[in-house]
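[1] Using only what follows, build the 3D model:
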Amino acid sequence: MIREDATIGNVLTTRTFAVNPETAAYLGVTATDGKVTAPSENGFMGLLTHPAPLIAISNAYESSTVSRGLYLAHHLLCIPPTPPPQRAFTPEDVSVELPPDPTERQLAEARLADPNCRGCHTQFETYAFAFNRWAGDGKFNSDERLVDNGPIPTGLGEIAFSGYHDFLPLLAKSAQFQRCTADHLIRYGLRHGKYDEAALDAVLAAAGGTDSGLTFRKLVRAIVAQLVFAGK
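    Numbering: from 1, shown residues only. Model (predicted):
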């Protein structure tokens, strides 16, 4: 991606993965020169649908809209975590009636409908709905009960989409994702030290802004030219 000067959003939308033979077999595809281009019916698109990250942000063999939503909100969109409630609420505390054998999304929607949970969970959990078809083992599931469309309420406003294939390009092009990526690169360059937020605005402006198709090359060049790095 860096060699081809692809946009930073490409990390969320590419269908080409670097894999070893074990991962290729797990995906059910054949790798060529250590890479594989997943067919559309395979369900894989971008880093967030690769088995490794999906498993890392799930609970054992079960998916988790909470874990996945927290990862997207905090690490990809840089939305600050909301303070936890004074006491933890269990599924038994949720006042909304659930169907037999509820899906992860149905459990999440019950939390969103409950006044005890809604305030916090709306800020992060709904981002995970687009990945509802992936189980905790990172495999795509075509079960029709697993609904992955919007619209969803979020801390950034309502987002409408028809599934993961629609949601990921929206996420990749969002100014919030691009700003968050730039922030991570600056913090990495500063060894995770604090910096003036004005430096982030300056970096984005020097790189062409969030509407210009930011690339990793543009961002790195803009970052190293800032005075904040003069003493590093």
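
[2] the strands in the chain, which residues?
    Here the chain has its strands, by DSSP state E, at 16-18, 35-37.

[3] Give me the buried stretch members for the first one, please.
    I take that to be strand 16-18. For strand 16-18, burial by neighbour count (16 or more other Cβ atoms under 10 Å) applies to residue 17. Yep, even glycine has a C-beta here, placed from its N, CA and C like the rest.

[4] Please apply the same query to the last one.
    Within strand 35-37, the residues that qualify as buried are residue 36, counting by 16+ other Cβ under 10 Å.

[5] Show me what that strand is in contact with.
    With Cβ atoms under 8 Å, 6 or more residues apart in numbering as the contact definition, strand 35-37 has outside contacts at 15-19, 24, 27, 29-30.

[6] Please go through the chain and pick out the longest helix.
    For the chain, the longest helix by residue count, based on DSSP state H, is helix 175-189.

[7] List the buried residues in that one.
    Those would be 176-183, 185-186, 189, for helix 175-189 by 16+ other Cβ under 10 Å.

[8] try stretch 30-43
    By neighbour count with 16+ other Cβ under 10 Å, stretch 30-43 contains the buried residues 31, 36, 38, 43.

[9] Also stretch 135-149?
    Buried positions in stretch 135-149, judged by neighbour count with 16+ other Cβ under 10 Å: 135-136, 138, 140, 146, 148.

[10] Turn these into a markdown table, columns for pLDDT and distance to residue 195.
    Shown next, in a markdown table, are the buried residues of stretch 135-149 (pLDDT from 0 to 100; distance: Cβ to Cβ, whole Å):
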| residue | pLDDT | distance to residue 195 |
| --- | --- | --- |
| 135 | 84 | 40 |
| 136 | 83 | 37 |
| 138 | 81 | 35 |
| 140 | 83 | 40 |
| 146 | 87 | 42 |
| 148 | 91 | 37 |
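
[11] follow-up on the earlier one: reformat the contacts of strand 35-37 as JSON lines; add distance to residue 118 and pLDDT.
    Formatted as JSON lines, the contacts of strand 35-37 follow (distance: Cβ to Cβ, whole Å; pLDDT from 0 to 100):
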{"residue": "15", "distance to residue 118": "36", "pLDDT": "85"}
{"residue": "16", "distance to residue 118": "39", "pLDDT": "83"}
{"residue": "17", "distance to residue 118": "37", "pLDDT": "79"}
{"residue": "18", "distance to residue 118": "40", "pLDDT": "79"}
{"residue": "19", "distance to residue 118": "40", "pLDDT": "79"}
{"residue": "24", "distance to residue 118": "42", "pLDDT": "78"}
{"residue": "27", "distance to residue 118": "37", "pLDDT": "72"}
{"residue": "29", "distance to residue 118": "40", "pLDDT": "75"}
{"residue": "30", "distance to residue 118": "46", "pLDDT": "76"}
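
[12] So, low pLDDT: which residues of the chain?
    Applying pLDDT under 70 to the chain picks out residues 39-42, 60-61, 84-96, 212, 227-232.

[13] any idea how it splits into domains?
    Per the record, the chain has its domains at 10-173, 175-229, by automatic domain parsing.

[14] Select, out of these, the one closest to residue 2.
    For residue 2, the closest of those is domain 175-229, at 5.0 Å, according to Cβ to Cβ.

[15] residue nearest the centroid of this protein?
    Taking Cα atoms, centre = their mean, the centroid of the chain lies closest to residue 72, which sits 3.7 Å from it.
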